[in-house]
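Q: predicted model, plus sequence, below.
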Amino acid sequence: MEMTLDIAIVLGLLVAAVGLFATRALPVDLVTIFLLLALVLTGILEPAIAFAGFSSQIIIILASIFVINGALLEGRVLDTVTAWLLRVAGGSINKLQLTTLSVVGGLSGFMNNTAVTSLFIGPMMTIARKLKTSPSKLLMPVCFASILGGTCTLIGTSTNVAVSGEIAKQYQEGLTKWIAKGGADLNGDGGVDAEDYLQYAETNKLKIYQPLGLFEITPVGLLIMAVGIGYLMLFGQRLLPEYPDESLAEGFNIREYLSEIVVMPGSRLIGQRVFESSLAEMEFRIVKILRKKRSFVPNIRSSIEEGDVLLISGGIEDLMAVKDASGIEIHAETKLEDESLQTEEVKIAELLITPKSTLIRRTLKEANFRQRFGLAVLAIYRHGQSLGRK
């Protein structure tokens, strides 16, 4: 095949797109729009053809599905789902899996598979910790169930919608051509329409595929989903690997940098504001305060009171050096786990810095992180290593 200018332009745009997608130099949606405009400006595509996709039935359906997904993710659905699944399971892994896979499969028939899976990641991780089982044994079946459930309806997956759209397009083109060639009124209703076209095809034994209905593929899809869920229930627990759920405290070596101290009577810390205290001046961070059986994350107005139990981020050796001068007592037997770090008011979470984040190349102090977001950083994990206080 001879290399023409159009082919060279398309190949060049393809290479540029792959490079931009890989480097993430620009957002994916922006790159896509630029490519579309480039194809139009170079004359490779007519404007009507290039922008025809925006009026496509497929795009409208998929956009509607994502609106539904967003509403579910933004609401209090996750907490409700977790509580309901735990109540139904009653501590039984088998009951939990059967219920979860059935619910996931059912939702995937009407929602995007990726969104359904992401919706259940949080509840499954919480349930895995409560039932003391490996998260992999719950998460992988959820992923498979969402794929299987997508085969049950027309809008279950984007591929179903795309195929149905193509069938509808071919059907409409065939009908238009038949009418243009002088299609006859075969049913005697006074007009030439789709019913006449179908009757003509049936009489002449022509194969015409009509657009798929919403539940037309449901019988086959339900059978496939039932077989798949049955296989996961019978063999999934044996075949799936046992990966222990490493807590965030372990993964980030938080225990090496956190200590609990008690503010003793007469301590010079009493009355000092948290961010202006002697501990803050020595680069200790007060992560949490336990006061009269209530724990909270301190803000810029919080002051230290007698009897407060402070969760401190800093080296234990440095803390021992200022112990007597500050009037504090260190809890030597404290065992810090995810559960002890979290309360109704205080949560521990793992966050990812994205490539376009404004925090890149800035220290926590320069970014005013604590005051800006109301969050306390316990540790930073980079390239497989915990940076701790570095």
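A: That came in fine, so what should we check first?
Q: other SSEs contacting the strand or helix carrying residue 290?
A: Residue 290 is part of strand 285-291 when elements are defined by DSSP states H and E. Packing partners of strand 285-291 (3 or more Cβ pairs under 8 Å, 6 or more residues apart in numbering; DSSP states H and E): strand 294-296, strand 309-313. Where C-beta positions appear, they are placed from N, C-alpha and C, glycine not excepted.
Q: name every strand pairing with that strand and say which way it goes.
A: Taking DSSP bridges as the criterion, strand 285-291 forms sheet pairs with strand 294-296 (antiparallel), strand 309-313 (antiparallel).
Q: got the ones you listed as a markdown table, with mean pLDDT columns?
A: Shown next, in a markdown table, are the strands paired with strand 285-291 (pLDDT from 0 to 100):
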| stretch | mean pLDDT |
| --- | --- |
| strand 294-296 | 81 |
| strand 309-313 | 81 |
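Q: could these go into a markdown table alongside distance to residue 101 and mean neighbour count?
A: Listed next are those as a markdown table, based on distance: least, Cβ to Cβ, whole Å; neighbours: other Cβ atoms under 10 Å:
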| stretch | distance to residue 101 | mean neighbour count |
| --- | --- | --- |
| strand 294-296 | 37 | 14 |
| strand 309-313 | 40 | 21 |
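Q: now distance to residue 360 too, for the ones you listed, in JSON lines please.
A: Below are these laid out as JSON lines (distance: least, Cβ to Cβ, whole Å):
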{"stretch": "strand 294-296", "distance to residue 360": "30"}
{"stretch": "strand 309-313", "distance to residue 360": "22"}
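Q: between those, which gets nearest to residue 278?
A: strand 309-313 (12.0 Å; Cβ to Cβ).
Q: got the CA positions of the closest one in PDB?
A: Taking Å, rounded to 0.1, in the frame of the first residue of the first chain, the C-alpha atoms of strand 309-313 are listed here in PDB:
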ATOM      1  CA  VAL A 309      -3.800  12.400  75.800                       C
ATOM      2  CA  LEU A 310      -1.900  13.500  72.700                       C
ATOM      3  CA  LEU A 311      -1.100  11.300  69.800                       C
ATOM      4  CA  ILE A 312       2.300  12.700  68.700                       C
ATOM      5  CA  SER A 313       4.200  12.200  65.500                       C
END
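Q: picking that back up, for residue 14, which of the helices and strands packed on strand 285-291 is the nearest?
A: When the helices and strands packed on strand 285-291 are compared (using Cβ to Cβ), the closest one is strand 309-313, at 49.0 Å.
Q: now tell me what touches whatever helix or strand residue 12 lives in from outside.
A: Using DSSP H and E, residue 12 maps to helix 5-23. With Cβ atoms under 8 Å, 6 or more residues apart in numbering as the contact definition, helix 5-23 has outside contacts at 1, 26, 28, 31, 35, 38, 39, 42, 44.
Q: for these, point out the one with the lowest pLDDT.
A: Scanning these for pLDDT, the low point is residue 1. It has 55.
Q: and residue 156, how many neighbours?
A: For residue 156, the neighbour count with other Cβ atoms under 10 Å is 30.
Q: thought it was touching residue 109?
A: Yes: Residue 156 lies in contact with residue 109 (Cβ atoms under 8 Å); the separation is 4.8 Å.
Q: which neighbours do the two share?
A: Joint contacts of residue 156 and residue 109 (Cβ under 8 Å, 6+ apart) are 149, 150, 221.
Q: did I read that right, the last one in a strand?
A: No: going by DSSP: H, G, I helix; E, B strand; the rest coil, the assignment for residue 221 is helix, not a strand.
Q: number of residues surrounding it?
A: For residue 221, using other Cβ under 10 Å, the count is 22.
Q: distance check, it against residue 53.
A: 27 Å (Cβ to Cβ, to the nearest Å).
Q: re the thing from before, just the closest of the shared contacts of residue 156 and residue 109 to residue 326, please.
A: Using Cβ to Cβ, the shared contacts of residue 156 and residue 109 come closest to residue 326 at residue 149, 58.5 Å.
Q: for the closest residue to residue 228 other than its chain neighbours, give its distance to residue 217.
A: Nearest residue to residue 228, sequence neighbours excluded (Cβ to Cβ, 6 or more residues apart in numbering): residue 148, at 4.3 Å. As for residue 148, its distance to residue 217 is 13 Å (criterion: Cβ to Cβ).
Q: neighbour count winner among the two?
A: Remark: of residue 148 and residue 217, residue 148 carries more neighbours, 26 against 19, as counted by other Cβ under 10 Å.
Q: which other helices and strands does the strand or helix carrying residue 226 contact?
A: Using DSSP H and E, residue 226 falls within helix 218-231. Packed against helix 218-231 by the contact rule (3+ Cβ pairs under 8 Å, 6+ apart) you find helix 93-108, helix 136-149.
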